[in-house]
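Undergrad: Let me see the structure of the following:
(one chain, ligands or ions: 1)
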Amino acid sequence: MKSVGIRSMGAAVPKKILSNQDLEKMVDTSDEWIVTRTGIRERRVLESHETINDLLVQAALTACEKSNISPGQLDFIINSTLSPDRISPAQAFEIGREIKAEKIFGFDINVACSGFVYGLAIAESLLKVRDVSYGLVTAGEQVTRMVDYTDRANCILFGDGATATVVTNDQPDHLIVATEMGSDPTLSNEVVIGGINDLLNDKSGYYFRQNGRSVFKFAVNKIKEMFEVVPRKAGIDSAKIRYVVPHQANIRIIEAAAKEITSNGTEFIVNVNKYGNTSSASIGLALNEAWNRFEKGDLVLLVGFGAGLSWGATLIEW
Ligand code: UT7
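TA: Numbers count the residues shown, from 1 in each chain. The predicted structure follows:
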């Protein structure tokens, strides 16, 4: 079976910053409450004339350039999103059109904040069993367009952003050694964003809502579980994991999970303070920022969790 790994990444965020001080002027909140409860200080927000495709294209071109391949060499694009520019065609094709990836097959996946790690797992499988060499896993989210800016409990949490990752079986630099995808559909009402029916009726059902406390506990448990289960699949002792790159939802979730994990040598990558929760773009934004800190042989665990409720993880040997 061919080895598969990631080779390069690109990332892009909007220029416009929405700070906690800006939010203080919009809803009854405070910088102190937001920082203490979430660790978020600011987030990036698309302006009305911008699209998520603008960011995805920028990220995709950067990722291809860093891998020294032309977009025309890509065999497929898997785009993770719960907030595409259009329902159809898939965002993957809109990216493909702009970057001139002329021979791709492609599709979007919607697994909320677990989407990036699901995308990597699907890409790995395709690259192992089909006659393909290069895939691009993109994640682009504009959740700020799906939150109610009069709802102080939720509007403070989110930001927009996009990432793109080249996955290949042709001399992969950073090997994917194990993956996991899971869900508990009995909890599908815990995190919800509405859709067509809500837009036709009372628009209030369209906006993001969640059972924050139960999602918090679920997230901490899942990070801990993935830390044990995923390395075991590859016969690796979890104590050898050097870095965990978790979904960036809340600093308290990350700190609580880190406390549960007894391995002293493990460091958690955090950038939620700058971008907030960017759903499936968040792990990629953190991974891209930390890229140069990793050394050859480091074990890096990416962990996603979110609506579904869903979870997933990818263990990479750098
Ligand atoms: O990617 C999707 C996955 N989702 C998550 O990862 C979120 C997981 N959950 C969380 O991160 C936390 O549950 C939140 C950050 C969303 C909320 O924190 P919490 O400690 O669970 O707060 P709470 O919702 O229980 O609210 C506590 C208090 C309430 O006031 P009372 O009832 O105690 O008087 C809220 O009304 O804080 C109040 N509150 C606020 N106060 C100031 C809620 N939002 C705000 C706000 N500013 N923005």
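Undergrad: For the stretch 201-318 of the chain, which segments count as helices?
TA: Assigned by DSSP state H, counting those that start in this stretch, the stretch 201-318 of the chain shows helices spanning 212-233, 251-260, 272-275, 282-290.
Undergrad: Which one of those helices lies nearest to the ligand?
TA: Among the helices of the stretch 201-318 of the chain, helix 212-233 comes nearest to the ligand, with 2.8 Å by CB to the nearest ligand atom. All C-beta atoms are positioned from the backbone trio N, CA, C, and that covers glycine.
Undergrad: Counting by contacts, list what the closest one packs against.
TA: strand 174-183, strand 241-246, helix 251-260, strand 299-306, strand 310-317 (3 or more CB pairs under 8 Å, 6 or more residues apart in numbering; DSSP states H and E).
Undergrad: follow-up on the earlier one: will you turn the helices of the stretch 201-318 of the chain into TSV that also has mean neighbour count, distance to residue 68 and mean pLDDT?
TA: Converted to TSV, the helices of the stretch 201-318 of the chain look like this (neighbours: other CB atoms under 10 Å; distance: least, CB to CB, whole Å; pLDDT from 0 to 100):
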stretch	mean neighbour count	distance to residue 68	mean pLDDT
helix 212-233	18	30	96
helix 251-260	18	34	95
helix 272-275	21	28	98
helix 282-290	25	18	98
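Undergrad: Now render those helices as JSON lines, adding distance to residue 118.
TA: Putting the helices of the stretch 201-318 of the chain into JSON lines (distance: least, CB to CB, whole Å) gives the following:
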{"stretch": "helix 212-233", "distance to residue 118": "13"}
{"stretch": "helix 251-260", "distance to residue 118": "19"}
{"stretch": "helix 272-275", "distance to residue 118": "20"}
{"stretch": "helix 282-290", "distance to residue 118": "11"}
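Undergrad: With distance to the ligand as extra columns, can I get these in CSV?
TA: What follows is the helices of the stretch 201-318 of the chain, written out as CSV (distance: least, CB to the nearest ligand atom, whole Å):
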stretch, distance to the ligand
helix 212-233, 3
helix 251-260, 6
helix 272-275, 10
helix 282-290, 8
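Undergrad: circling back: same list, the helices and strands packed on helix 212-233, but as TSV with distance to residue 65 please.
TA: Below are the helices and strands packed on helix 212-233 laid out as TSV (distance: least, CB to CB, whole Å):
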stretch	distance to residue 65
strand 174-183	17
strand 241-246	23
helix 251-260	31
strand 299-306	23
strand 310-317	21
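Undergrad: who's the residue nearest to residue 240 when sequence neighbours are not counted bridged to?
TA: Computed as CB to CB, 6 or more residues apart in numbering, the closest residue to residue 240 that is not its neighbour in sequence is residue 299, at 5.5 Å. Using DSSP bridges, the bridge partners assigned to residue 299 are residue 241, residue 317.
Undergrad: which residues does residue 249 contact?
TA: By CB atoms under 8 Å, 6 or more residues apart in numbering, the contact list for residue 249 reads 113, 157, 219, 272, 277, 282, 305-306.
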